[in-house]
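Visitor: please find the sequence and the predicted model below.
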Amino acid sequence: MSGALVWLGRLREELARAKGLMALVSTAGLALLAACLALALGPTAPLRTVENFLYDLRIGLLGPAASNEGSIPITIVKIDEAAMQEMREASDCGCISPIDRVWLGELILDIDRLGARVIGVDVLLDDFRSTAEFARFAQQAAQVSAPVVAAVDPGRRPGIDYPVVPSFTYADALVLVKDVFDDGVRFYDPAPERRRSFGAAILDQLGVETPSERFAIRFRSPREQTDDADRGSITPVVPADLVDELPDGALAGRIVLIGRVTRASASDQQVLPEDMHFTPLRFRAGHEDGTPGVEIHAHVLSQLMQGDRVGSLGWLGDLLVVLAAALGGAWLGRATHSWWVAALSALGGMAAAVLFGFGAYGLYGVMIPLATTFLAFALSFFLLSRLVASQLQGERTLFASTLERYLAPQVIRRIVEGEEPVRIGADRRTITVMVTDIENFSTLVAQTPLEEFETIINGYFDGLIEVLWKHEAMVDKLTGDGLIALFGAPVASADHAVRALACAKDMDAFSEAYRRQVKARHGRVLGCTRIGLHSGEGLVGNFGGARRFNYTAYGQVVVIAARLEAANKEVGARMLFSQACYEAAGAPSQAQALGNVTLKGVPEPVKVYSFALQTE
């Protein structure tokens, strides 16, 4: 019994920590497997969708503030619905598409007169309605002193498919790299195949070096705007139809970007989206329906001028982060057993990963893969928790099969499930001890063949133990023709005396019925079962040597119970229990006082009680 209890007491501790080299290897191996699976699933659509969402949250909500420090200020001249209406009224044809080139040329002249340092035209200038329109536009362009960068379709050939203004720099307009999964713009290509990108060409005019390979756009945090139509912009915005009203020098030294902006100025205004793109800023006010292309270029220019980048740990760093998450999940999975602790551990681990991922970007601008990190953590947590659960179930089965020789199944279940505390070690405890014996047992042994005796005694103890299990007793030991049972140990209980007396009555009833059965089947006389019970304080726990010990009880409580069992013969009873047991059981009304008896080794006489038991 003691060995089983010691194992049981150490069960959770053994499963909560690594059990030597093999446990460490298995944990690391499963964590590595989970990390590899997570990385292999990374490119799949579901995981990419989650990864993009978490990427956009960090980019959109934790972007640095737009700043002119160390860079050239940017202003956007927006072509909104009011400007389009002005253009339509000024146009010879009254058209709104494509944008009237003469009206656009006049706008560029006005911006140049206001002192712009560089003018970027994010309107495709590779299409004119007529030669006359181009001629008038060219005359206007010739009067512009500031460098002008115009966006064009890279698939069209300058001078062949469309006429060009010699003083203008033509740049690739198709440089916003869209994700194949959700069409979101998160990257920028500064050096496409045919010509320089729009943003790179503008910075070339300023002598600012630009990267040669595509890079992640580090979107800036929008400025505070009072006009709903300009919510979400990181630069000052001037409506195109109001440029001619600006004071002299209003745009001096600035990069001025001209582009279409179709953001509604009121929530109930319906505006047909044009050149609007899905970006990580979708979580920001003013970008719910997309970000204007001209504003994306402003973000890119601000980023490149400030030398800002979205940092990365590289493939090896990402692998190590994912592997670390897998190891963390494996460790928690091995250390966790109850479902609510498992749920809280999983949520806590994922929250830690979120804090790490958002903190890394918010503080250092470094982006780590969160979806694969989550998946690696969850997979390793699940694998290890299932493995531990399987091991735990095996241990529980082993312990239950060991303990069932001593304890009732319902007690075993509560102990194994952790519902009942079990103290391993000797301590003082108030318990009730039951001692039984069979009358004239020696005569039965002498007169009965061994095979027949085996059948009789095994049936007897099977029945007795079933009764003990019913009342949640612990079998301390079998003593040949009797047994010693404890109530209130190893699991403490306040009603130990009540259960002990109820058990004694049921045990007597079984014994009498079994005696009749033995007589009928075997023709043998099985003596009556004598029972003694006493309640009191005893020393309960593990006793023995270093190599062999036993979980049992010592003290006067055991001695008196044994003496009361023997005293049954003197008073002609089958069951005797002490006044201490009687009082601990709440003074049952059916109990009959039989007076005081003197017990060997007990200094004072003991008042005893019994029940009116059934006789043959």
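Guide: Right, received. Where do you want to start?

Visitor: so Val498 makes contact with Tyr582?
Guide: No. Using Cβ atoms under 8 Å, Val498 makes no contact with Tyr582, being 11.0 Å away. Heads up, the C-betas are built off the backbone N, CA and C, glycines and all.

Visitor: quick check: phi and psi on Pro166?
Guide: phi -60, psi -30 (degrees, to the nearest 10).

Visitor: and Leu251, which of the three is it?
Guide: Here Leu251 is recorded as coil under DSSP: H, G, I helix; E, B strand; the rest coil.

Visitor: not counting its neighbours along the chain, what's nearest it?
Guide: Distances taken as Cβ to Cβ, 6 or more residues apart in numbering place Leu114 nearest to Leu251, at 4.0 Å, with adjacent residues excluded.

Visitor: so what's the residue count around that neighbour?
Guide: When counting by other Cβ atoms under 10 Å, one arrives at 22 neighbours for Leu114.

Visitor: ok, so what distance separates the closest residue to Gly42 other than its chain neighbours from Leu347?
Guide: Excluding its sequence neighbours, the residue lying closest to Gly42 (Cβ to Cβ, 6+ apart) is Thr372, at 4.7 Å. Thr372 is 18 Å from Leu347, where distance means Cβ to Cβ, to the nearest Å.

Visitor: over to Thr291?
Guide: For Thr291, the distance to Leu347 - Cβ to Cβ - is 33 Å.

Visitor: those two: who's more crowded?
Guide: Legend: neighbour count by other Cβ under 10 Å for Thr291 and Leu347, higher for Thr291 (28 against 10).

Visitor: the more buried one contacts Pro273, correct?
Guide: No. If you go by Cβ under 8 Å, Thr291 and Pro273 don't touch, sitting 10.7 Å apart.

Visitor: ok, what's across the strand from Val606?
Guide: Using DSSP bridges, the bridge partners assigned to Val606 are Val597.

Visitor: the residue nearest to Gly42: what's it in contact with?
Guide: Each residue near Thr372 by Cβ atoms under 8 Å, 6 or more residues apart in numbering is listed here: Ala38, Leu39, Leu41, Gly42, Leu47, Glu51, Asp318, Val322.

Visitor: just these: which are in strands?
Guide: Using DSSP state E, no member of the contacts of Thr372 sits in strands.

Visitor: just the closest of the residues you listed to Leu257, please.
Guide: Glu51 (30.9 Å; Cβ to Cβ).

Visitor: what is the burial count for the closest one?
Guide: Residues within reach of Glu51, counting by other Cβ under 10 Å, total 20.

Visitor: verify the contact between it and Ala371 for me.
Guide: Yes. Taking contacts as Cβ under 8 Å, Glu51 lies within contact range of Ala371: 3.8 Å.

Visitor: what touches both of the two?
Guide: Applying Cβ under 8 Å, 6+ apart, one finds that Glu51 and Ala371 are jointly contacted by Gly42.

Visitor: low-scoring stretches of the stretch 151-300 of the chain, by residue?
Guide: Residue ranges of the stretch 151-300 of the chain with pLDDT under 70: 194, 225-229, 264-272.

Visitor: can you show me the helices along it?
Guide: Remark: helices assigned in the stretch 151-300 of the chain by DSSP state H, counting those that start in this stretch are 198-206, 293-305.

Visitor: so can I have a markdown table of the ones you listed showing mean neighbour count and distance to Met434?
Guide: Formatted as a markdown table, the helices of the stretch 151-300 of the chain follow (neighbours: other Cβ atoms under 10 Å; distance: least, Cβ to Cβ, whole Å):
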| stretch | mean neighbour count | distance to Met434 |
| --- | --- | --- |
| helix 198-206 | 23 | 91 |
| helix 293-305 | 25 | 84 |
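
Visitor: can I get these in CSV with distance to Gly60?
Guide: Below are the helices of the stretch 151-300 of the chain laid out as CSV (distance: least, Cβ to Cβ, whole Å):
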stretch, distance to Gly60
helix 198-206, 20
helix 293-305, 11
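
Visitor: out of these, flag the one nearest Ala553.
Guide: Closest among the helices of the stretch 151-300 of the chain, using Cβ to Cβ: helix 293-305, at 78.5 Å.

Visitor: strands paired with the helix or strand following that closest one, and their directions?
Guide: Beyond helix 293-305 on the C-terminal side, the first helix or strand identified by DSSP states H and E is strand 311-312. Strand 311-312 sits in its sheet next to strand 366-367 (parallel), going by DSSP bridges.

Visitor: residues making contact with the strand it pairs with?
Guide: If you take Cβ under 8 Å, 6+ apart as the criterion, strand 366-367 is touched by Tyr55, Arg58, Ala216, Val310, Gly311, Ser312, Leu313, Ala360, Tyr361.

Visitor: how about stretch 605-615?
Guide: So stretch 605-615 is contacted by 501, 505, 508-509, 512, 560, 564, 567, 571, 573-579, 581-582, 590-599 (Cβ under 8 Å, 6+ apart).

Visitor: quick one: which of those residues sit in helices?
Guide: Counted as lying in helices by DSSP state H, out of the contacts of stretch 605-615, are Leu501, Lys505, Asp508, Ala509, Glu512, Ile560, Leu564, Ala567, Val571, Gln579, Cys581, Tyr582.

Visitor: which of these lies closest to Leu450?
Guide: Of all the ones in helices among the contacts of stretch 605-615, Leu450 sits closest to Glu512, with 25.4 Å by Cβ to Cβ.

Visitor: okay, now that closest one: neighbour count?
Guide: Using other Cβ under 10 Å, Glu512 has 18 neighbouring residues.

Visitor: distance of Glu89 from Phe278?
Guide: 33 Å.

Visitor: neighbour count: these two, which is higher?
Guide: Under the criterion of other Cβ under 10 Å, the comparison of Glu89 against Phe278 puts Phe278 first, with 18 against 9.

Visitor: state the number of residues packed around the closest residue to the more buried one other than its chain neighbours.
Guide: In this structure, Phe278 finds its nearest non-sequential neighbour in Gly184, 4.6 Å apart by Cβ to Cβ, 6+ apart. Burial of Gly184 is recorded as 20 neighbouring residues (other Cβ under 10 Å).

Visitor: equivalent analysis for Ala138, please.
Guide: 18.

Visitor: shouldn't it be in contact with Val164?
Guide: No. Ala138 lies out of contact with Val164 (Cβ under 8 Å); the separation is 9.1 Å.

Visitor: hang on, the earlier thing: backbone phi and psi for the residue nearest to Leu251, please?
Guide: Dihedral angles for Leu114 - degrees, to the nearest 10 - are phi -90, psi 0.

Visitor: enumerate every residue touching it.
Guide: So Leu114 contacts Val243, Leu246, Asp248, Gly249, Ala250, Leu251, Ala252 (Cβ under 8 Å, 6+ apart).
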